[in-house]
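Asks: model this:
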Amino acid sequence: MRRMGSVPSIILLAFVGLSLIACNAAGPPSLPDNTQTAVGDAQAHLERGQELARGGDITGAIAEYNQAIELRPDFTEAFSRRAEAYLAVGNFDQAIQDFSAVIELEPDNAEAYLNRGIIQQVSGEVDRAIQDFDQAIRLDPNDPRGFLNRGFAYASMDQFDRAIPDYDRAIELAPDNALAYFHRGNAFHAQGDFNPAISDYRKAVELDPELAAAYNNLAWAYAYELDTNYEEALELAKRSVALDSQSYNHDTLALVYFKLKNYEQALNHYNTALSFADADPLSYKGRGDVHLAMKNIEAAMEDYRTYLSLTSESPDQEEVEDLVEELEHG
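Replies: All right, here's what the predicted structure looks like:
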């Protein structure tokens with residue numbers, strides 16, 4: 001199966017709520033004067049750091065957060081904001097350390113567990129991510145983000161029987177969350193349950209008409225998995241490309257044109273799909289199929305060979321090898 005559309009922005013789910021991490025910036029009124037001064041100075045550094053971060057100066061922001069933490073080592077919001085800054089520059093290890101510091105200071109901070117879990121997930125530490133999501137859910141069982149992110153983690157390990165109940169719970173808690181329907185649709189899709197997948201994709205685009213990946217996956221489910229509804233699939237794939245032109249949705253649009261026997265358009269969109277750095281090798285096979293339908297035998301064999309060279313363990317390897325051999329001797 002070709003790559004389906006995904007939503008990498010799932011990492012933003014928890015960081016939208018970073019400001020929820022509480023901190024008593026003013027400090028209690030009975031603090032000594034020098035402590036009150038330190039608290040005020042730390043708050044000033046925090047606010048300057050946030051201003052610099054908003055302006056794109058992440059290095060300057062981190063320096064300000066460092067000053068805030070040096071003045072106030074228990075300043076959880078400064079640790080959280082610094083973690084967010086480290087994440088922005090791809091320094092996942094430091095971001096994890098900062099959220100760990102928040103957790104040490106506030107062991108019941110569900111938001112910190114959730115954020116650390118998301119970074120663990122992105123870093124490939126899926127088991128640790130699930131442990132953090134477990135804790136976030138234990139501390140705040142009414143936050144749908146814990147279930148949604150844990151479901152996403154289970155799905156990344158192909159544990160769809162665990163992912164789907166988490167998505168179900170996320171939808172119960174947040175019935176207007178388009179991403180929950182989208183990711184549950186992907187889980188159904190991966191299991192071969194195409195009708196519930198289609199239903200979830202439809203609900204996702206109803207809730208979020210700008211969700212390009214959902215239009216793409218709905219088009220793919222129709223045109224490839226069910227081999228039907230080509231005209232509707234065409235409009236869906238076009239909509240996905242119009243919203244966010246990527247390799248995966250040009251590949252889907254090419255497939256739909258191929259199904260409709262519009263080979264020139266299919267070829268154009270496979271060419272576009274393959275122009276992206278993250279192009280799926282299966283687009284070479286798809287383009288090879290188009291060339292073959294157009295009787296461009298040499299071009300078809302070249303694409304099939306390229307596909308085989310890039311996918312040495314593909315389940316259809318033997319089938320494609322036999323096709324190339326047949327074309328060579330045909």
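Asks: how about the helices in the stretch 101-250 of the chain?
Replies: 110-122, 126-139, 144-156, 160-173, 178-190, 194-207, 212-220, 230-243, 247-259 (DSSP state H, counting those that start in this stretch).
Asks: so for the first one, mean pLDDT?
Replies: On average, the pLDDT along helix 110-122 is 96.
Asks: what's the weakest-modelled helix or strand in the chain?
Replies: Least confident helix or strand, the chain: helix 12-15 with a mean of 39, by mean pLDDT, DSSP states H and E.
Asks: what's downstream of that one, the next helix or strand?
Replies: Per DSSP states H and E, the first helix or strand lying C-terminal to helix 12-15 is helix 33-54.
Asks: following that following helix, which helix or strand comes up?
Replies: helix 58-71.
Asks: which helices and strands sit right next to that following helix?
Replies: Applying 3 or more C-beta pairs under 8 Å, 6 or more residues apart in numbering; DSSP states H and E, one finds that helix 58-71 makes contact with helix 33-54, helix 76-88. To be clear about C-beta, it is placed using only N, CA and C from the backbone, and glycine gets the same treatment.
Asks: of all these, which one comes closest to Val126?
Replies: Closest approach to Val126 among the helices and strands packed on helix 58-71 (C-beta to C-beta): helix 76-88, 17.7 Å.
Asks: mind checking how far Glu321 is from Ala299?
Replies: From Glu321 across to Ala299, the span is 18 Å (C-beta to C-beta, to the nearest Å).
Asks: looking at those two, which has the bigger crowd around it?
Replies: Of the pair Glu321 and Ala299, Ala299 is the one with more neighbours under other C-beta atoms under 10 Å, namely 16 against 13.
Asks: so who does the more buried one touch?
Replies: With contacts defined as C-beta atoms under 8 Å, 6 or more residues apart in numbering, Ala299 is in contact with Gly288, His291.
Asks: tell me the phi and psi of it?
Replies: phi -60, psi -40 (degrees, to the nearest 10).
Asks: how near is it to Val320?
Replies: Separation of Ala299 from Val320 (C-beta to C-beta): 15 Å.
Asks: same check on Ile119?
Replies: Per C-beta to C-beta, Ile119 is found 39 Å from Val320.
Asks: which one's more surrounded, the two?
Replies: Neighbours per residue (other C-beta under 10 Å) separate Ile119 from Val320, with Ile119 holding more: 25 against 17.
Asks: make sure that one is actually in contact with Gln97.
Replies: No. If you go by C-beta atoms under 8 Å, Ile119 and Gln97 don't touch, sitting 10.2 Å apart.
Asks: next, give phi and psi for Asn109.
Replies: Per degrees, to the nearest 10, the backbone of Asn109 is at phi -90, psi 100.
Asks: can you count the residues close to it?
Replies: For Asn109, the tally of surrounding residues (other C-beta under 10 Å) stands at 24.
Asks: need the contact list for it.
Replies: Asn109 sits next to Ile21, Thr76, Val102, Ile103, Leu139 when contact means C-beta under 8 Å, 6+ apart.
Asks: tally up the residues packed near the fourth one, please.
Replies: When neighbours are defined as other C-beta under 10 Å, Ile103 has 19 of them.
Asks: what does the model give the closest residue to Glu106 other than its chain neighbours for pLDDT?
Replies: Leaving aside its sequence neighbours, Glu106 sits nearest to Thr76 (C-beta to C-beta, 6 or more residues apart in numbering; 5.8 Å). Per-residue confidence (pLDDT) for Thr76: 94.
Asks: what's the spacing between Thr76 and His269?
Replies: According to C-beta to C-beta, Thr76 stands 49 Å off from His269.
Asks: higher neighbour count, those two?
Replies: Higher neighbour count among Thr76 and His269: His269, with 27 against 24, using other C-beta under 10 Å.
Asks: give the contact list for the closest residue to Asp132 other than its chain neighbours.
Replies: Spatial nearest neighbour of Asp132, excluding adjacent residues (C-beta to C-beta, 6+ apart): Gly117 at 3.1 Å. Gly117 sits next to Arg128, Ala129, Ile130, Gln131, Asp132, Phe133, Ala136, Asn149, Arg150, Ala153 when contact means C-beta under 8 Å, 6+ apart.
Asks: 10 Å - rerun?
Replies: 14, 96, 99, 125-126, 128-136, 145-146, 149-150, 153 (C-beta atoms under 10 Å, 6 or more residues apart in numbering).
Asks: picking up where we left off before, settle this for me: the residue nearest to Glu106 is touching Ala101, isn't it.
Replies: Yes. Applying C-beta atoms under 10 Å as the test, Thr76 and Ala101 come out as touching, 7.9 Å apart.
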